[in-house]
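Asks: Give me the fold of what follows.
(one chain, ligands or ions: 1)
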Amino acid sequence: MNILHIAAECYPAAKAGGLGDVVGALPKYLNQAGHKAAVLIPGYRQKWIINQPFEHIWSGLVRLGDIKIPVHIRRHTGDSLGFELLIADIPGLFDREGIYTDPQSGFGYSDETERYIVFQQCALQYIQSLDQKPNVIHCHDHHTGLIPFMVKHCPEFRNLSHIPAIFTIHNGVYHGSFGWSKAWILPWYDADANGLLDWAGNINPLACGIKCCWKLTTVSPGYLLELLASSNGLEWLIRNELPKSQGILNGIDTQVWDPESDPLIENRFYNDISRFKSDNKAVLRKRFDIHADQPLITFIGRLVAEKGADLLPDAIAKFLHEGGKASFVVLGTGDPNLKDAFLTMKHHFTSWFDTSIEYNEALSHQLYAGSDFLVMPSRVEPCGLNQLYAFRYGTIPIVRATGGLADTVTDVSQPNGNGIRFDHFSVDALAASFHRATAVYHHPEAMNQLRAHNMSLDYSWEKAANSYIHIYQST
Ligand code: ADP
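Replies: As a prediction, this is how the structure comes out:
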């Protein structure tokens with residue numbers, strides 16, 4: 001089958017989080033299974049995109065209100081990806097360094113609505129120009145949530161209405177909503193289709209994608225159940241669309257995340273797990289002020305409420321004040337208040353706490369390899385990839401049991417346990433889980449068995465890709 005993924009991110013071209021990882025891996029595994037998968041993303045001014053070879057393949061014009069924007073599609077001509085990568089160049093809207101936020105100010109771009117409305121139309125115009133159209137259009141998150149609507153209800157794109165659109169929710173917290181006062185910048189649409197755009201008095205691309213898509217998927221089975229119970233006002237809608245919905249647990253790209261060959265870590269795995277861990281921890285000690293002889297507990301991720309990053313300062317302080325002995329490292333960007341809190345902690349808890357406030361792909365790999373534990377105290381976790389990377393690099397996850405974390409992490413007290421779980425979103429529960437982690441750490445044999453067990457777990461994409469293929473083939 002011929003599948004076109006349309007998304008805001010795709011690793012390694014442009015990644016802000018798990019969406020980029022998934023869109024950069026699933027197509028590769030679809031191709032390996034004998035299908036033809038391509039990816040279309042906006043052309044940000046990101047280093048990878050600037051440095052890679054591309055060829056121009058198509059140009060068009062998209063109307064945005066009363067202006068027309070020239071748009072261009074370029075195809076990646078390198079052969080490193082394992083799938084066809086297409087970039088939509090949209091001058092004035094996407095030729096910026098950041099994906100969602102301005103790296104200088106740290107604030108999200110205020111013309112998000114205009115950006116994605118133009119991108120989605122550009123994608124559809126490009127598809128119209130193809131002799132061989134995709135059999136399926138796979139849309140990801142609210143940035144592409146209007147596509148299933150546009151192909152059915154915009155006269156301009158109706159000749160694509162026979163192509164089924166799959167919509168995957170990676171993160172239901174962001175809806176991309178905007179007021180009806182902006183309806184005029186949408187492409188012309190059937191007057192009686194207003195209701196499909198609307199949710200709670202606004203135009204809501206996430207809700208619209210859910211309503212209009214042919215099949216809906218979420219990135220874990222547990223997350224689909226959670227959205228039914230709590231999804232920022234979409235609960236009733238998701239319940240209604242349940243018959244066409246399925247939760248599919250993400251895989252990880254085991255070619256990128258491979259401790260035996262990862263070029264982003266200093267010491268690769270070769271037979272000896274304790275050596276692999278201790279050598280890589282030693283590398284981290286050159287960069288971070290942490291104790292050599294104490295467990296290292298790391299957080300990697302967006303410093304936002306969803307990820308429970310706000311629980312860390314108090315829980316770490318409580319644990320250390322109670323006499324707990326472990327060093328902590330935080331790698332992340334996000335809420336400026338949390339950033340300040342972490343920078344202050346670095347001085348209060350010298351050698352027990354250190355942080356790097358940045359997005360750094362290479363450092364994240366080194367941290368997965370050199371840490372003993374990875375903490376994920378998430379309020380919400382649609383799938384969570386970090387715990388799966390942690391498994392693969394012999395790092396034990398400490399997680400709050402929610403969404404995909406509950407689906408993948410079994411507490412060490414249970415048969416086949418692979419991590420430390422806690423249920424209540426509270427400082428006390430998190431601090432207690434740090435104490436449990438340090439207790440496990442001080443039993444080297446058990447710790448090494450656990451590491452070996454986790455490194456052998458199989459969360460590769462093949463299984464997940466087959467579930468998607470099953471959906472595509474049922475069209
Ligand atoms: P999200 O909700 O942010 O998408 P996921 O767990 O699905 O969460 O994926 C997060 C991905 O982003 C992982 O690959 C993780 O390693 C990466 N990541 C997050 N923050 C950073 C950072 N500051 N530096 C490097 N990688 C990061």
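
Asks: what's the spacing between the closest residue to Gly20 other than its chain neighbours and Val329?
Replies: In space, and not counting its chain neighbours, Gly20 is closest to Glu9: 3.6 Å by Cβ to Cβ, 6 or more residues apart in numbering. C-beta: built from backbone N, CA, C; applies to glycine. From Glu9 across to Val329, the span is 25 Å (Cβ to Cβ, to the nearest Å).

Asks: same deal with Trp58?
Replies: Trp58 is 45 Å from Val329, where distance means Cβ to Cβ.

Asks: quick revisit: compare Glu9 and Val329 and say which is more crowded by neighbours.
Replies: Glu9 (26 against 22; other Cβ atoms under 10 Å).

Asks: and Tyr44, how many neighbours?
Replies: Using other Cβ under 10 Å, Tyr44 is surrounded by 22 other residues.

Asks: now Gln255
Replies: Around Gln255 there are 15 residues (other Cβ under 10 Å).

Asks: And what about it, helix, strand or coil?
Replies: Under DSSP: H, G, I helix; E, B strand; the rest coil, the three-state class of Gln255 is coil.

Asks: Next, count neighbours for Ile169.
Replies: For Ile169, the neighbour count with other Cβ under 10 Å is 27.

Asks: so who does it touch?
Replies: Asp141, Leu206, Ile210, Leu216, Thr217, Thr218, Val219, Tyr223, Leu227, Pro382 (Cβ atoms under 8 Å, 6 or more residues apart in numbering).

Asks: Quick one: the helices in the stretch 301-450 of the chain, in order.
Replies: Using DSSP state H, counting those that start in this stretch, the helices found in the stretch 301-450 of the chain span residues 312-321, 336-348, 361-370, 386-392, 403-408, 427-441, 444-455.

Asks: Outside of the fifth one itself, list whatever touches it.
Replies: Read that as helix 403-408. Residues outside helix 403-408 that contact it (Cβ under 8 Å, 6+ apart): 219-223, 226, 249-250, 376, 378, 380-384, 387-388, 397, 399, 421, 459.

Asks: likewise the third one?
Replies: With Cβ under 8 Å, 6+ apart as the contact definition, helix 361-370 has outside contacts at 15, 257, 259, 262, 264-267, 276-277, 280-284, 287, 296, 298, 300, 329, 331, 356, 374, 386, 389-390, 392-393, 395.

Asks: mind listing what's buried in it?
Replies: Within helix 361-370, the residues that qualify as buried by neighbour count (16 or more other Cβ atoms under 10 Å) are Leu363, Ser364, His365, Gln366, Leu367, Tyr368, Ala369, Gly370.

Asks: got it, and stretch 466-475?
Replies: Tyr468, Ile469, Ile471, Tyr472.

Asks: Please list the residues of the stretch 101-250 of the chain that sit near the ligand.
Replies: With Cβ under 6 Å from any ligand atom as the criterion, the stretch 101-250 of the chain meets the ligand at residues Asn171.

Asks: Quick one: low-confidence residue ranges for the stretch 101-250 of the chain.
Replies: Along the stretch 101-250 of the chain, the model assigns pLDDT under 70 to no residue.

Asks: Let's see that with 80 instead.
Replies: 106 (pLDDT under 80).

Asks: And the strands in the stretch 251-400 of the chain, which stretches?
Replies: Using DSSP state E, counting those that start in this stretch, the strands of the stretch 251-400 of the chain run over 296-303, 327-334, 353-356, 373-376, 396-400.

Asks: contacting residues for the residue of the chain found nearest the ligand?
Replies: Per Cβ to the nearest ligand atom, Gly18 is where the chain lies closest to the ligand, at 2.0 Å. Gly18 makes contact with His170, Asn171, Val219, Asn250, Pro382, Cys383, Gly384, Leu385, according to Cβ under 8 Å, 6+ apart.

Asks: Could you pull up phi and psi at it?
Replies: Main-chain dihedrals, Gly18, degrees, to the nearest 10: phi -60, psi -30.

Asks: Count the neighbours of the closest residue to Arg45 other than its chain neighbours for me.
Replies: The shortest distance from Arg45 to any non-neighbouring residue, by Cβ to Cβ, 6+ apart, is to Glu97 (5.0 Å). Glu97 has 12 neighbours, counted by other Cβ under 10 Å.

Asks: so Glu97 sits in a helix?
Replies: No - secondary structure of Glu97 (three-state DSSP): coil, not part of a helix.

Asks: For it, grab phi and psi.
Replies: phi -70, psi -40.

Asks: what about it, distance to Ser433?
Replies: For Glu97, the distance to Ser433 equals 38 Å [Cβ to Cβ].

Asks: Repeat that for Ser161.
Replies: 50 Å.

Asks: Who has more neighbours out of those two?
Replies: Using other Cβ under 10 Å as the criterion, Ser161 and Ser433 rank with Ser433 on top: 23 against 14.

Asks: What sits closest to that one if chain neighbours are left out?
Replies: Phe422 (4.6 Å).

Asks: residue contacts, Tyr468?
Replies: Tyr468 is in contact with Leu26, Leu30, His138, Ile166, Thr217, Ile248, counting by Cβ under 8 Å, 6+ apart.

Asks: Looking at those, which are in strands?
Replies: Per DSSP state E, strands hold the following members of the contacts of Tyr468: His138, Ile166, Thr217.

Asks: Whichever helix in the chain runs longest packs against which elements?
Replies: Longest helix in the chain, counting residues (DSSP state H): helix 112-129. Other helices and strands packing on helix 112-129, by 3 or more Cβ pairs under 8 Å, 6 or more residues apart in numbering; DSSP states H and E, are strand 2-6, strand 36-42, strand 54-64, strand 67-76, strand 84-89, helix 147-153.

Asks: ok, Gln132 touching Asn2?
Replies: Yes - at 6.7 Å, Gln132 and Asn2 qualify as touching, with contact defined as Cβ atoms under 8 Å.

Asks: quick one: Pro382 from Ser59, how far?
Replies: Taking Cβ to Cβ, one finds Pro382 at 36 Å from Ser59.

Asks: Please apply the same query to Pro12.
Replies: 26 Å.

Asks: neighbour-wise, which of the two wins?
Replies: Legend: neighbour count by other Cβ under 10 Å for Pro12 and Ser59, higher for Pro12 (18 against 13).

Asks: biggest separation within the buried residues of stretch 466-475, which pair?
Replies: Within these, Ile469 and Ile471 form the most distant pair, 7.3 Å apart (Cβ to Cβ).

Asks: Could I get the full set of helices for the stretch 151-300 of the chain?
Replies: Ranges of helices within the stretch 151-300 of the chain are 194-197, 205-212, 221-229, 235-240, 273-287, based on DSSP H, counting those that start in this stretch.
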